[in-house]
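Visitor: coordinates for the following, if possible.
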Amino acid sequence: MSDKNKNNIFYKPELNYEKSYETEGRINSSIIGENNQVSENIIDEFNNTINKINNILNLFPNDLKETASNPLKIIQVIIGEIPKNIEDINDIEEVININPNINKIKEDVYPENPFDDDDEFITITVTNNDKVDIIKNKYYYDLASVIDDYINKLNDSVNTCISNILISFKNIDISFFDTLMTPYKIPTEKISKDYKHLSDSILRSQINRNMKQRLYAKLYDIDKTINHIRNCKAGVEQRIRYYEEDYIDDNDFNEAISNKILGQSRIIYDKKYKQNFFNLYKYLNSSVILLNECFNMYLSEAQAKIILKEKGEDI
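Guide: Model prediction:
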């Protein structure tokens with residue numbers, strides 16, 4: 001309590017708390033802007049990022065480049081279906097508070113009692129958005145968000161890898177870059193004894209990376225990517241189907257049963273919709289994790305080759 005309110009017998013303390021939060025955390029930039037609204041040039045931003053990724057992938061071995069670029073082909077097709085100016089909205093509601101005593105004439109001539117209860121308000125909630133429009137908009141927003149997360153993570157991964165390789169190039173002619181992208185086949189016995197561990201490391205890494213890339217090709221091929229997208233699209237179509245139906249006046253028992261089944265159908269496909277998008281997110285996110293392991297292995301191979309070249313080994 002402030003000093004000016006100490007002697008005020010009519011002072012009524014405010015018990016509400018202020019909903020104000022601050023953070024020093026770092027916010028990653030993405031296409032999802034303020035107020036959860038997707039930027040107007042979303043398609044251009046997606047395509048620009050994918051083009052940058054493909055340009056950087058040209059600096060990787062052909063097998064690794066092909067492995068990483070396959071899902072991007074489907075992503076580029078999918079983003080062409082996303083409209084501009086979408087935002088994350090649920091039921092946009094307008095809340096109207098009505099005071100039933102607003103026209104009541106006060107007969108009291110005494111000062112207002114500070115301990116009187118506040119006027120009771122009647123709250124009326126009005127939904128302004130059509131359910132089907134909300135579902136469609138929500139689908140495109142969720143799809144854009146998942147793709148945005150995937151593309152940004154993949155972009156960070158390839159950039160980190162190639163940047164670390166270029167840093168190691170400070171004492172080597174850039175023409176040696178072509179050698180990095182070709183498989184290492186030099187027998188270890190041709191390498192000086194002090195650097196045989198580097199040669200062994202490259203050969204082991206190539207074998208392990210090849211195994212990981214074959215695993216990636218089985219788990220994250222084009223068909224599986226398409227299937228995940230189809231599941232999400234089928235889920236939203238089912239939601240639209242049941243939300244287009246209206247509840248009927250349940251004047252008898254059977255009509256009440258019909259409304260109950262409709263409500264259960266909506267709940268079922270609401271859950272399936274969320275699960276399908278969660279599965280898509282896990283699928284794309286895990287693919288980036290496995291790709292990042294391949295990139296790190298290639299980085300280790302490239303750095304070992306650069307050291308051998310610096311030491312005068314004929315590779």
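Visitor: for residue 251, helix, strand, or coil?
Guide: With DSSP: H, G, I helix; E, B strand; the rest coil as the basis, residue 251 sits in coil.
Visitor: tell me the contacts of residue 179?
Guide: Residues near residue 179 by C-beta atoms under 8 Å, 6 or more residues apart in numbering: 305, 309, 315. Quick note: C-beta positions are derived from backbone N, CA and C, even for glycine.
Visitor: could you pull up the residues touching the last one?
Guide: With contacts defined as C-beta under 8 Å, 6+ apart, the neighbours of residue 315 are 179, 184, 186, 305, 308, 309.
Visitor: what is the host helix or strand of residue 262 packed up against?
Guide: In this assignment (DSSP states H and E), residue 262 forms part of helix 253-310. With contacts taken as 3 or more C-beta pairs under 8 Å, 6 or more residues apart in numbering; DSSP states H and E, helix 253-310 sits against helix 62-79, helix 131-167, helix 177-180, helix 196-219, helix 222-243.
Visitor: now it: average pLDDT?
Guide: Averaged across helix 253-310, pLDDT comes to 93.
Visitor: next, the angle from that helix to helix 222-243.
Guide: Orientation of helix 253-310 against helix 222-243 (axes from the mean of the first three to the mean of the last three C-alpha atoms, to 10 degrees) gives an angle of 160 degrees.
Visitor: in a markdown table: the helices and strands packed on helix 253-310, plus distance to residue 55 and mean pLDDT.
Guide: Shown next, in a markdown table, are those (distance: least, C-beta to C-beta, whole Å; pLDDT from 0 to 100):
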| stretch | distance to residue 55 | mean pLDDT |
| --- | --- | --- |
| helix 62-79 | 11 | 88 |
| helix 131-167 | 10 | 92 |
| helix 177-180 | 15 | 87 |
| helix 196-219 | 21 | 93 |
| helix 222-243 | 21 | 92 |
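Visitor: which ones are touching the closest residue to residue 184 other than its chain neighbours?
Guide: Excluding the flanking residues, the one nearest residue 184 by C-beta to C-beta, 6 or more residues apart in numbering is residue 202, at 4.6 Å. Contact analysis of residue 202 by C-beta under 8 Å, 6+ apart lists 184, 301, 304, 305.
Visitor: tell me how far residue 202 lies from residue 263.
Guide: Distance, residue 202 to residue 263, using C-beta to C-beta, to the nearest Å: 62 Å.
Visitor: likewise residue 295?
Guide: Residue 295 is 48 Å from residue 263, by C-beta to C-beta.
Visitor: between the two, who's got more neighbours?
Guide: Taking other C-beta atoms under 10 Å, residue 295 and residue 263 do not tie; residue 295 has more neighbours (23 against 12).
Visitor: residues touching the nearest residue to that one once chain neighbours are set aside, list them.
Guide: In space, and not counting its chain neighbours, residue 295 is closest to residue 161: 4.1 Å by C-beta to C-beta, 6+ apart. Residues near residue 161 by C-beta under 8 Å, 6+ apart: 295, 296, 298, 299.
Visitor: and the gap between residue 170 and residue 305?
Guide: Going from residue 170 to residue 305 by C-beta to C-beta gives 15 Å.
Visitor: if I look at residue 169, what pLDDT would I see?
Guide: Residue 169 is assigned a pLDDT of 82 by the prediction.
Visitor: any idea how many residues pack against it?
Guide: 16.
Visitor: same question, the one 5 residues further on
Guide: Here the number of neighbours of residue 174 (other C-beta under 10 Å) works out to 8.
Visitor: what's the angle between the helix or strand hosting residue 52 and helix 62-79?
Guide: With elements delineated by DSSP H and E, residue 52 resides in helix 42-57, which encompasses its position. Computed by the same axes, to 10 degrees, the angle separating helix 42-57 from helix 62-79 equals 180 degrees.
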